[in-house]
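Q: Pasting the sequence and the predicted coordinates here, then a few questions.
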Amino acid sequence: MADLFQVLERALSTLDTAGPAGLLLGIGLAFLGGVVSSLLPCTLAMVPVLAGYMGAFSQHSLKQRLLQVSLFVIGIASVMALLGVLAGVLGWAFGAWLGAWSYALVGVILLLMGAYLAGWVPKGPLSALTDRLGKLGLMRLPKSATDSNNVLQPFILGACMGLIASPCGTPYLAAILAMISYQQQWLTGGLYLFAYALGQGVLLIFVGLGIGWLRHLPVLRPAGAWLQKLSGLLFIALGAVIMLKGVLGL
């Protein structure tokens with residue numbers, strides 16, 4: 001895999017991005033680099049989050065499930081591209097400004113989602129907070145296939161994961177960041193980062209579709225309430241792990 005990354009990195013460094021053909025080729029190479037890196041730990045760490053989400057919120061139709069997992073991946077890619085461009089413009093290391101606060105924020109959101117799905121949200125301030133988050137699409141279960149919650153929810157959750165996910169430290173990603181920082185090709189570099197993150201999300205799309213399909217098998221439909229609670233427990237565990245990682249540096 002390391003040899004393939006080196007080949008991609010050399011191809012990017014010698015690529016002429018002045019014309020449309022070169023730009024499209026660079027985007028394709030960036031996407032391919034993301035696909036290759038999809039088996040590295042930074043991508044696999046997102047699988048349990050997507051598994052918990054699709055276990056609780058996946059829709060009946062294949063079209064809706066594909067929309068859900070695609071928006072999750074697009075949320076990750078959007079944040080990754082934005083952070084990469086900001087890092088290049090400001091001259092900072094990629095993700096250097098993300099500290100314990102980002103892990104705490106995402107951890108709290110996952111804990112609240114887990115408590116909501118498990119039915120453990122008591123009346124009072126916590127219930128009011130989950131109601132407010134529900135208006136943003138993070139808590140409320142979709143009422144129909146056309147519910148706007150289907151758009152907001154996976155995108156916001158994906159954006160949260162993109163905020164804390166450590167980018168895969170590959171030579172190819174380093175080449176894209178160098179393009180932004182040293183060559184000051186911010187728009188091109190941002191497009192490459194977006195394509196790279198979309199490539200990383202190919203595995204997540206297949207995982208999400210598979211879990212959504214399993215959840216809606218006729219034999220498992222009677223266990224829907226239990227699957228929702230199980231997803232809640234998974235979110236609680238993930239939220240606790242993320243908070244410990246950020247606060248204690250584990």
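A: Looks like it arrived, so ask away.

Q: From residue 21, how far out is residue 173?
A: 23 Å (Cβ to Cβ, to the nearest Å). The C-beta positions use only the backbone N, C-alpha and C, and glycine is treated the same way.

Q: Neighbour count for those two, which is higher?
A: Set side by side, residue 173 and residue 21 show more neighbours around residue 173, with 25 against 10, by other Cβ atoms under 10 Å.

Q: Which of the helices or strands spans the more buried one?
A: Using DSSP states H and E, residue 173 sits within helix 171-181.

Q: got it, and residue 236?
A: If you go by DSSP H and E, residue 236 is part of helix 224-248.

Q: Quick check: mean pLDDT of that helix?
A: For helix 224-248, mean pLDDT is 83.

Q: Can you give me the buried ones in that helix?
A: Neighbour-count burial for helix 224-248 flags 227-232, 234-236, 238-239, 241-243, 246 (criterion: 16 or more other Cβ atoms under 10 Å).

Q: who are the neighbours of it, in terms of helices and strands?
A: Contacts defined by 3 or more Cβ pairs under 8 Å, 6 or more residues apart in numbering; DSSP states H and E place helix 224-248 against helix 47-57, helix 100-118.

Q: Can you pull out the residues in contact with it?
A: For helix 224-248, contacts defined as Cβ atoms under 8 Å, 6 or more residues apart in numbering pick out 48-49, 51-53, 55-56, 99-104, 106-111, 113-120, 164, 215, 220, 250.

Q: Can you select the buried ones among the residues you listed for me in PyMOL?
A: In PyMOL syntax, the buried subset of these is picked out as below (16+ other Cβ under 10 Å):
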select buried, resi 49+51+52+53+55+56+102+103+104+106+107+109+110+111+113+114+115+116+117+118+164+215
